[in-house]
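Asks: Sharing a model that was predicted from the sequence below.
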Amino acid sequence: MASRVGEAPGRLDLLGGVADYAGARVLEVATQLTTTVVAQPDDALVVGPARLTAEEIDALAMLPYGDVRDALSSHPTWTHYVLGVALVLVRHRVLAPPRARLSITSDVPRSVGVSSSAALEVATARALGAGDVEPLRLAALCQESENHVVGAPCGIMDQVVVTMGRAGAVLPIRCRPAAVDPMVSLPEGVEVVGIPTGAEHDVSGLPYRRARAAAFMGKRIVEQRTARSCEWVSELPADVVADLPEVLDGATFLDRWGTTDDPLTSIDPDETYPVRAATAFGGEEHRRSGDLLDALAEGALDSIGPIMAASHAGYDAMGLGHPAATAAVARLHDRHGVHGARSSGGGSGGTVVVVCERGALDDVDDLIR
């Protein structure tokens, strides 16, 4: 093979965040920061200290994903994001087992909730030769790698926006499972930026898994009460969701309702889950995303702050807030030129996303655009 280069941006989560696994509409903006992967010919797939021959890739790609994770456990965790993409592409016969040495450069910051992992996955797929795959399919393949090889239960929004997004424009994504609406330009003189809180975000962490599991617990309870199934959490009737228990321990749920239909999380009998808030968030955020799109289209900038504040409160209510994020939002509240701010992405710190006048936050260290 000839040398190939693959690139993908990070993303700023304007609205939606964890509502992606609920099937909601989310609003995303690609960053100017990018990850680049260069693939040069070799006799095996080489990623940092990890080396897999074509024969090893062929064999691994056909194994159950639990066995794949076990087989890769001796390699550094960061390499799983890259090796996983290669294995999924081979598993689905998109590519033959690649023989390439991959080098990676990136200015997308890690562990701050701006999709550094999805940027790496999509850039890797493009460098390996999958750049012509239909974008939504490419995003789904990369999500499959993160879900089942890395073992992180992310929704699909990150992979979609880093595959299809454009810096300076809002990409509405309907996560059912994934469809995009036309990109929306920001009002003249307005930008979306990110401010890292200093608290590292981990999509594999307990708060995210607990909130996600709680949403699907609520879905199961509502479906039983209404004797009607819904495909997506965000479709559940709001009045019934409002009557869910505020919190519920795992043991009680398992005893009364058995399990959920979410294959990426499990219920811990010793854990307590924020069922009402986590279940309600998807539907509420779906509605808020429509309100925010209307505000952008109409130039109604005064409406943006309350919408983002409600989203931020939703993160706090389901355990995905963080004192550092709340402090950052509070500091921005009366800042000139700021229209709104909220916890974003998977929450638990990470990055606060801000809608502001262009240049209003140029004095902020580590600003992400």
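Replies: In hand now; what should we look at?
Asks: which helix in this protein runs the most residues?
Replies: Ranked by residue count and defined by DSSP state H, the top helix of the chain is helix 275-298.
Asks: How far off centre is the helix or strand following that helix?
Replies: Counting by DSSP states H and E, the next helix or strand C-terminal to helix 275-298 is helix 304-317. Here the centre of helix 304-317 is set off from its chain's centre by 18 Å, with CA atoms, centre = their mean, to the nearest Å.
Asks: in helix 304-317, what's buried?
Replies: Under the neighbour-count criterion of 16 or more other CB atoms under 10 Å, helix 304-317 has Ile304, Gly305, Ile307, Met308, Ala310, Ser311, His312, Gly314, Tyr315, Ala317 buried. Backbone N, C-alpha and C define where each C-beta goes, glycine included.
Asks: okay, those in TSV with pLDDT and distance to Ala152 next?
Replies: TSV is the format used below for the buried residues of helix 304-317 (pLDDT from 0 to 100; distance: CB to CB, whole Å):
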residue	pLDDT	distance to Ala152
Ile304	98	30
Gly305	97	32
Ile307	98	28
Met308	98	26
Ala310	98	27
Ser311	98	22
His312	98	23
Gly314	98	22
Tyr315	97	19
Ala317	98	23
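Asks: Dump those residues into JSON lines; add distance to Ala8 as well.
Replies: Shown next, in JSON lines, are the buried residues of helix 304-317 (distance: CB to CB, whole Å):
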{"residue": "Ile304", "distance to Ala8": "28"}
{"residue": "Gly305", "distance to Ala8": "31"}
{"residue": "Ile307", "distance to Ala8": "28"}
{"residue": "Met308", "distance to Ala8": "26"}
{"residue": "Ala310", "distance to Ala8": "31"}
{"residue": "Ser311", "distance to Ala8": "26"}
{"residue": "His312", "distance to Ala8": "28"}
{"residue": "Gly314", "distance to Ala8": "28"}
{"residue": "Tyr315", "distance to Ala8": "26"}
{"residue": "Ala317", "distance to Ala8": "32"}
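Asks: what is the mean pLDDT for the longest helix of the chain?
Replies: Averaged over helix 275-298, pLDDT sits at 97.
Asks: now do stretch 319-337
Replies: 95.
Asks: how about that stretch: buried residues?
Replies: Gly319, Leu320, Gly321, His322, Ala324, Ala325, Thr326, Ala328, Val329, Leu332.
Asks: just to revisit the earlier point, next, the angle helix 304-317 makes with the longest helix of the chain.
Replies: 160 degrees (axes from the mean of the first three to the mean of the last three CA atoms, to 10 degrees).
Asks: now for helix 275-298, which elements pack on it?
Replies: Judged by 3 or more CB pairs under 8 Å, 6 or more residues apart in numbering; DSSP states H and E, the packing partners of helix 275-298 are strand 4-15, strand 25-41, strand 169-174, strand 184-185, helix 206-226, helix 238-241, helix 304-317.
Asks: switch to 7 Å and redo it
Replies: On a contact count with 3 or more CB pairs under 7 Å, 6 or more residues apart in numbering; DSSP states H and E, helix 275-298 meets strand 4-15, strand 25-41, strand 169-174, helix 206-226, helix 238-241, helix 304-317.
Asks: That helix versus strand 169-174: what angle between them?
Replies: 140 degrees.
Asks: How about helix 275-298, which residues are buried there?
Replies: Using 16+ other CB under 10 Å as the test for burial, helix 275-298 gives 275-289, 291-293, 295-296.
Asks: next one: stretch 62-72
Replies: For stretch 62-72, a neighbour-count test (16+ other CB under 10 Å) marks Tyr65, Val68, Arg69, Ala71, Leu72 as buried.
Asks: Looking at the residues you listed, which one is closest to Arg220?
Replies: Nearest to Arg220 among the buried residues of stretch 62-72 is Tyr65, at 24.1 Å by CB to CB.
Asks: Tell me who's in contact with the closest one.
Replies: His148, Val149 (CB atoms under 7 Å, 6 or more residues apart in numbering).
Asks: Need phi/psi at it.
Replies: Main-chain torsions, Tyr65, degrees, to the nearest 10: phi -60, psi -30.
Asks: All further residue positions should be reported with the first residue as 438.
Replies: Sounds good: first residue 438 from here, last item Tyr502.
Asks: State the helix or strand in which the most centrally placed residue in the chain lies.
Replies: Centroid check for the chain by CA atoms, centre = their mean gives Asp595 as the closest residue, at 4.2 Å. In the assignment (DSSP H and E), Asp595 maps to helix 594-601.
Asks: Point out the other helices and strands that that helix packs with.
Replies: strand 441-452, strand 462-478, helix 553-562, helix 572-581, strand 606-611.
Asks: just so I know, which of those lies nearest Arg530?
Replies: helix 572-581 (11.3 Å).
Asks: ok, and for that closest one, which residues are buried?
Replies: Applying 16+ other CB under 10 Å to helix 572-581 flags Leu573, Leu575, Ala576, Ala577, Leu578, Cys579, Gln580, Glu581 as buried.
Asks: Tabulate the CA atom coordinates of that helix in CSV.
Replies: Output in CSV follows, covering the C-alpha atoms of helix 572-581 (Å, rounded to 0.1, in the frame of the first residue of the first chain):
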residue,chain,number,x,y,z
PRO,A,572,-20.0,8.6,6.5
LEU,A,573,-22.8,7.3,8.8
ARG,A,574,-21.7,3.7,8.3
LEU,A,575,-18.1,4.7,9.0
ALA,A,576,-19.2,6.4,12.2
ALA,A,577,-21.2,3.3,13.3
LEU,A,578,-18.2,1.1,12.6
CYS,A,579,-16.0,3.3,14.8
GLN,A,580,-18.6,3.3,17.5
GLU,A,581,-18.7,-0.5,17.4
